[in-house]
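Participant: Next one to model:
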Amino acid sequence: MTPHQAEALQRSDLSRQCDSTMRTAGAGMTLVEMLVAMSIMVIVFAAVVPQIRAIQNSWDSKRENVEVIQNGRVLVDHITSQLAQANSITAVSNSSETTGYIQFVDNDGNTMRYEIDASNYVVYGPVGNLSELTGPVSKLQFTCYDVCDLDTAITDVNSIRTVKVRTTITNAAELGRDQTFTGQAYLRTNASGGAAGDGQTVTEEPAAQFEFDTSNGQQPALCRIDASHHLCVYKAVGGATGEGWAVVLIVNTGNWTISKGTTLVFDNKACLGPDLARIDATNYLCAYTGFQGDGFAVILTVNPVTWTISRGTPFEFDTADCLNPVLSQIDATNYLCAYTGPGNDGFAVILTVNTVTRTITKGTSFEFDTGDSRYCALSNIDNIHHLCAYEQAASRGVAVVLTVNTVTKTVTKEAGLFQFEPLQAQYNELIRIDQEHHLCGTRAWLETGKACILTVNTGTWAIGKGATILYDTGSETPALAWITGDSYLLAYAAAAGADIGKAMVLSVDTQTDTVTSSTGYIHDIQKSWAPDLSRVDDSHYLCAYEGAFSDGFATILTVGSPVLP
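Facilitator: Below you'll find the model as predicted:
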């Protein structure tokens, strides 16, 4: 190869390398191209990122909205349901207060409260021990009305019957909206525990009336075993020689129906005007006028499983005469018995029971009034002292304090008799208010029903009385039972001659020694002679009575407020 050919070949190789290098450089991006590409990417991200943010905000908002709605509904439902069952409202904020509160007493007697705490959460619970319920909220507002006006807001806790609640739950989401919830509760509140004259009334449970004996049922007496079981003794038909019967009356506190256990004939000769006193959970003392008009007593034992009744041996505590014996407990084994004895005089004796042998013994009989003494009633003052009210000669109502000595088994009386009714005082009934005050009901002159408070000075044992009220122009055989506070249930045979069943509430004021009465309620339009009462609970009472054909009836009387719209 010549030098010229070699030089030409070298230039050719160099040219091919340059072409190759130029082709390789042409495969990359120029600066302009890179700037354009980056601009496109910025535009895409600028369009997409807000959409992603919007989707995220929407999800957060919907999630918080669901949470807010759930919390709001639960909160309003909680408040309205609790208020609807409240026993009484005790405090509430003004309707203009947006961070309000309400305080009430529930059915169990607990004082409960709703309010907003420092963290803007609604708290609830017993006063002094509130717990977080839900939140946060920006508003908790209570607006209250009385029973007849739903336009004018009130804060008088004694008049509130409707409560509207308005609350605003805060939405924590960035784009979320706060939600406002409202609710309303109608309260059967501030009804119980008020004075009888302030509106308490008596009604009868619709399904309650029960004929516990279709043939016999005269002069029933009741004694509470427990809320659902009550011992009932009564006289069978047959004049002064009717047998003595006993049965457990069973109250269904769910539907307020009455049924009975197996009946026991505890005296197959005679039983007139029986009275009962509780000894213990299974044993009960019964005093009555027995064979030949003598005074008898017997221990009745109740089986708490089968609700059958057995008896001890009847004990004759007065072998001459005994009418309308009544009992008052002294202690666990001793009972004071007052009655109309020989010559229609007033007698009293201590009866001592032995529940192991089911036997009864007695102390020395004491003649506390040598004149006519009928329709005795007893009330325990302090165990040793007992108030006795009765109708004396000339048909006037008198009272005396009887004093017992359980060591010597003797009875004496404190000096001085007190006249509480000038003309007539039959079918007397006494019930203890406190040591110094005792409520007395009686059938007075012209068959009117009267009541008064008898007072006892526990230093001198002097007796006095407050003002007498006329609770009915025709009343026989009153019976009394304590309700709550200063309220007492009175049942009696009304409209003298017709003897329809009637009941009312009496309220007492021991500061002024006065008695007021509610409107009477008729529970039996035919007859309710010699009713007796036994407490089921604060607002329900078993009432046993003699019906139109000397048959035995029982019903449930309910004490409460009038039903308002």
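Participant: part of a strand, is residue 43?
Facilitator: No. Residue 43: not assigned to a strand; according to DSSP: H, G, I helix; E, B strand; the rest coil it is helix.
Participant: ok, how many other residues are close to it?
Facilitator: 10 (other C-beta atoms under 10 Å). Glycine gets a C-beta too; all of them are placed from N, C-alpha and C.
Participant: same check, this time on residue 84
Facilitator: Residues near residue 84, counting by other C-beta under 10 Å: 14.
Participant: hang on, it packs against residue 184?
Facilitator: No. The criterion here is C-beta atoms under 8 Å, and residue 84 misses it with residue 184 at 9.7 Å.
Participant: need the contact list for residue 374.
Facilitator: 323, 324, 340, 344, 390, 391, 426 (C-beta atoms under 8 Å, 6 or more residues apart in numbering).
Participant: try residue 227
Facilitator: With C-beta under 8 Å, 6+ apart, residue 227 has these contacts: 251, 253, 536, 537.
Participant: what do you get if the cut-off is 10 Å, keeping everything else the same?
Facilitator: 251, 253, 534, 535, 536, 537, 540, 542 (C-beta atoms under 10 Å, 6 or more residues apart in numbering).
Participant: and after whichever strand or helix holds the last one, which helix or strand comes next?
Facilitator: What that stands for is residue 542. Taking DSSP states H and E as the definition, residue 542 sits inside strand 540-546. Next helix or strand after strand 540-546 toward the C-terminus (DSSP H and E): strand 552-560.
Participant: and that following strand, which strands flank it?
Facilitator: Strand 552-560 has its sheet partners listed here by DSSP bridges as strand 201-204 (antiparallel), strand 210-213 (antiparallel), strand 540-546 (antiparallel).
Participant: C-alpha coordinates for the first one, CSV please?
Facilitator: In CSV, the C-alpha atoms belonging to strand 201-204 read as follows (Å, rounded to 0.1, in the frame of the first residue of the first chain):
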residue,chain,number,x,y,z
THR,A,201,-104.9,11.1,94.3
VAL,A,202,-105.9,7.4,94.7
THR,A,203,-106.8,5.1,91.9
GLU,A,204,-107.2,1.4,91.5
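Participant: residues in contact with it?
Facilitator: 191, 196, 256, 483, 489-491, 501-505, 518-524, 541, 543, 555-563.
Participant: repeat that with 6 Å
Facilitator: Residues from elsewhere that reach strand 201-204 (C-beta atoms under 6 Å, 6 or more residues apart in numbering): 503, 504, 518, 521, 523, 555, 557, 558, 559, 562.
Participant: Could I get the contacting residues of the closest residue to residue 482 other than its chain neighbours?
Facilitator: Distances taken as C-beta to C-beta, 6 or more residues apart in numbering place residue 488 nearest to residue 482, at 5.7 Å, with adjacent residues excluded. When contacts are counted by C-beta under 6 Å, 6+ apart, residue 488 touches 439, 480, 482, 506.
Participant: Kindly recompute the last result at 8 Å.
Facilitator: 431, 439, 480, 481, 482, 505, 506, 507, 508.
Participant: Quick check: bridge partners of it?
Facilitator: In beta-bridge terms (that is, DSSP bridges), residue 488 pairs with residue 482, residue 506.
Participant: next one: residue 123
Facilitator: Applying DSSP bridges, one finds that residue 123 bridges with residue 115, residue 132.
Participant: What is the burial count for it?
Facilitator: 19.
Participant: how far away is it from residue 96?
Facilitator: Going from residue 123 to residue 96 by C-beta to C-beta, to the nearest Å gives 21 Å.
Participant: And for residue 358?
Facilitator: For residue 358, the distance to residue 96 equals 70 Å [C-beta to C-beta].
Participant: between those two, which one's more packed in?
Facilitator: Neighbour totals were compared for residue 358 and residue 96, and residue 358 leads with 16 against 9 (other C-beta under 10 Å).
Participant: contacting residues around that one?
Facilitator: By C-beta under 8 Å, 6+ apart, residue 358 lies in contact with 283, 299, 301, 311, 312, 313.
Participant: coming back round to it: looking at the contacts of residue 227, state which has the most neighbours.
Facilitator: residue 542 (26 neighbours).
Participant: which strand residues sit across from that residue in the sheet?
Facilitator: Bridge pairing for residue 542 - DSSP bridges - gives residue 534, residue 556.
Participant: In contact with it, which residues?
Facilitator: 222, 230, 249, 251, 258, 533, 534, 535, 536, 554, 555, 556.
Participant: Run through the residues that contact residue 309.
Facilitator: 231, 246, 247, 248, 261, 262, 264, 266, 300, 301, 302, 303.
Participant: And the pLDDT for the fifth one?
Facilitator: At residue 261 the predicted local distance difference test score is 97.
Participant: And for the last one?
Facilitator: At residue 303 the predicted local distance difference test score is 98.
Participant: and it, what does it touch?
Facilitator: 282, 309, 310.
Participant: Which ones among the residues you listed map onto strands?
Facilitator: Members of these lying in strands (criterion: DSSP state E): 309, 310.
Participant: Tell me the one among the contacts of residue 303 nearest to residue 217.
Facilitator: residue 309 (16.3 Å; C-beta to C-beta).
Participant: ok, back up a step: make JSON lines from the contacts of residue 542 and add pLDDT and distance to residue 398 to it.
Facilitator: As requested, the contacts of residue 542 are exported to JSON lines (pLDDT from 0 to 100; distance: C-beta to C-beta, whole Å):
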{"residue": "222", "pLDDT": "98", "distance to residue 398": "27"}
{"residue": "230", "pLDDT": "98", "distance to residue 398": "32"}
{"residue": "249", "pLDDT": "98", "distance to residue 398": "35"}
{"residue": "251", "pLDDT": "97", "distance to residue 398": "38"}
{"residue": "258", "pLDDT": "98", "distance to residue 398": "38"}
{"residue": "533", "pLDDT": "98", "distance to residue 398": "25"}
{"residue": "534", "pLDDT": "98", "distance to residue 398": "29"}
{"residue": "535", "pLDDT": "97", "distance to residue 398": "29"}
{"residue": "536", "pLDDT": "96", "distance to residue 398": "34"}
{"residue": "554", "pLDDT": "98", "distance to residue 398": "34"}
{"residue": "555", "pLDDT": "98", "distance to residue 398": "34"}
{"residue": "556", "pLDDT": "98", "distance to residue 398": "36"}
